[in-house]
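J.: Structure, please.
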Amino acid sequence: MAAGTGTGASAGTDIGTDRGVGKGSGTGGTGGTGAGGGPGPVRAALLTRRIRWLVAATVAYNAVEAAVALTAGVLASSGALIGFGLDSVVEVSSAAALAWQFSAADPATRQAREGRTLRIIAVSFFALAAYVAADAVRALAGGAEAEPSVPGIVLAALSLAIMPFLSAAQRRAGRELGSASAVADSKQTLLCTYLSAVLLVGLVLNATLGWAFADPIAALVIAAVAVREGRNAWQGESCCPVPAAAERERAAEGCDCCA
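T.: Below is the predicted model:
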């Protein structure tokens with residue numbers, strides 16, 4: 001991690017320099033706000049390192065989450081749990097794509113990778129939605145009923161407690177740095193929070209009341225949210241490539257993909 005931190009500092013400095021922020025320019029010098037409204041070089045370096053640490057934490061947690069959810073989902077024949085596990089796989093791929101983007105030291109290279117990163121995130125969401133929706137419809141049409149899953153309930157509750165903090169931290173850093181892909185990835189993490197709540201309700205209803213239909217319904221909700229977030233990520237390439245200082249201008253234009 002020492003090498004990654006050093007690269008992050010260099011990369012962040014390049015970002016500030018590329019935006020026309022020199023030493024002593026802007027209102028806060030190298031650590032304050034740059035002339036173009038973005039962070040100064042020192043602040044940009046800090047934000048870059050923070051995003052890298054948050055991406056690493058997200059990948060680690062979601063890898064474990066995916067393994068537990070997919071295993072529990074297969075054992076319980078739960079489409080909602082399987083969909084939740086696949087969403088975790090999507091989040092890992094999204095975070096990996098973001099890490100690939102931020103691994104470039106050159107600001108121009110990072111900017112060139114931004115669009116491709118957003119497209120990877122969007123396509124991953126669409127693929128997830130298609131699979132989960134098809135499996136849910138099959139279950140509602142008379143497929144195997146899901147069995148109660150205590151490990152699934154515990155996992156959903158744990159994710160509901162952890163994911164909001166990871167998402168909020170990465171979203172703040174991404175908006176201040178002006179990275180649409182970092183914001184899109186943070187929204188994937190936020191999606192995990194929503195899905196955790198939906199999954200928890202479905203699993204608890206099935207376990208306590210025997211409502212097996214609650215599981216595929218929860219899966220359909222997961223699919224619908226995934227489609228929405230995929231659309232937002234796809235549009236985010238041209239919607240939010242500017243620092244958070246221009247947020248009011250974006251809001252006036254009706255853009256909400258980074259909201």
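J.: going forward, measure contacts and count neighbours with C-alpha atoms only.
T.: OK.
J.: Find the nearest non-adjacent residue to Ala207, please.
T.: Residue nearest to Ala207 in three dimensions, not counting chain neighbours: Pro148, with 4.7 Å by Cα to Cα, 6 or more residues apart in numbering.
J.: how about that neighbour, secondary structure?
T.: When classified by DSSP: H, G, I helix; E, B strand; the rest coil, Pro148 comes out as coil.
J.: per-residue confidence at Trp53?
T.: Listed pLDDT for Trp53 reads 87.
J.: on that earlier part again, and the residue nearest to Ala207, what are its phi and psi?
T.: Note on Pro148: its backbone torsions stand at phi -60, psi 150 [degrees, to the nearest 10].
J.: Assess the claim that it and Ala76 are in contact.
T.: Yes. Counting by Cα atoms under 8 Å, Pro148 touches Ala76, with 6.6 Å between them.
J.: Which of those two has more residues huddled nearby?
T.: Neighbour comparison, Pro148 and Ala76: the larger count goes to Pro148, with 25 against 19 (by other Cα atoms under 10 Å).
J.: how much space between the more buried one and Thr193?
T.: Per Cα to Cα, to the nearest Å, Pro148 is found 21 Å from Thr193.
J.: likewise Gln170?
T.: From Gln170 to Thr193 the distance is 14 Å (Cα to Cα).
J.: The two - which one has more neighbours?
T.: Using other Cα under 10 Å as the criterion, Gln170 and Thr193 rank with Gln170 on top: 26 against 23.
J.: That one and Ser186 touch, don't they?
T.: Yes. In terms of Cα under 8 Å, Gln170 counts as a neighbour of Ser186; the distance is 5.7 Å.
J.: picking up where we left off before, ok, now which ones touch the residue nearest to Ala207?
T.: Counting by Cα atoms under 8 Å, 6 or more residues apart in numbering, Pro148 touches Ala76, Leu203, Asn206, Ala207.
J.: contacting residues around Gln170?
T.: Arg50, Ile51, Leu54, Ala182, Val183, Ser186.
J.: is it possible to export those to CSV including neighbour count and secondary structure?
T.: Shown next, in CSV, are these (neighbours: other Cα atoms under 10 Å; DSSP: H, G, I helix; E, B strand; the rest coil):
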residue, neighbour count, secondary structure
Arg50, 18, helix
Ile51, 24, helix
Leu54, 19, helix
Ala182, 30, helix
Val183, 28, helix
Ser186, 31, helix
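J.: Quick one: the helices in the stretch 151-259 of the chain, in order.
T.: 180-209, 214-239, 247-252 (DSSP state H, counting those that start in this stretch).
J.: most tightly surrounded among those helices?
T.: Counting by mean count of other Cα atoms under 10 Å, helix 180-209 has the highest mean neighbour count of the helices of the stretch 151-259 of the chain, with a mean of 24.
J.: could you check the angle helix 214-239 makes with it?
T.: Computed by axes from the mean of the first three to the mean of the last three Cα atoms, to 10 degrees, the angle separating helix 180-209 from helix 214-239 equals 170 degrees.
J.: other SSEs contacting helix 180-209?
T.: Helices and strands touching helix 180-209, as assessed by 3 or more Cα pairs under 8 Å, 6 or more residues apart in numbering; DSSP states H and E, comprise helix 79-102, helix 107-140, helix 150-177, helix 214-239.
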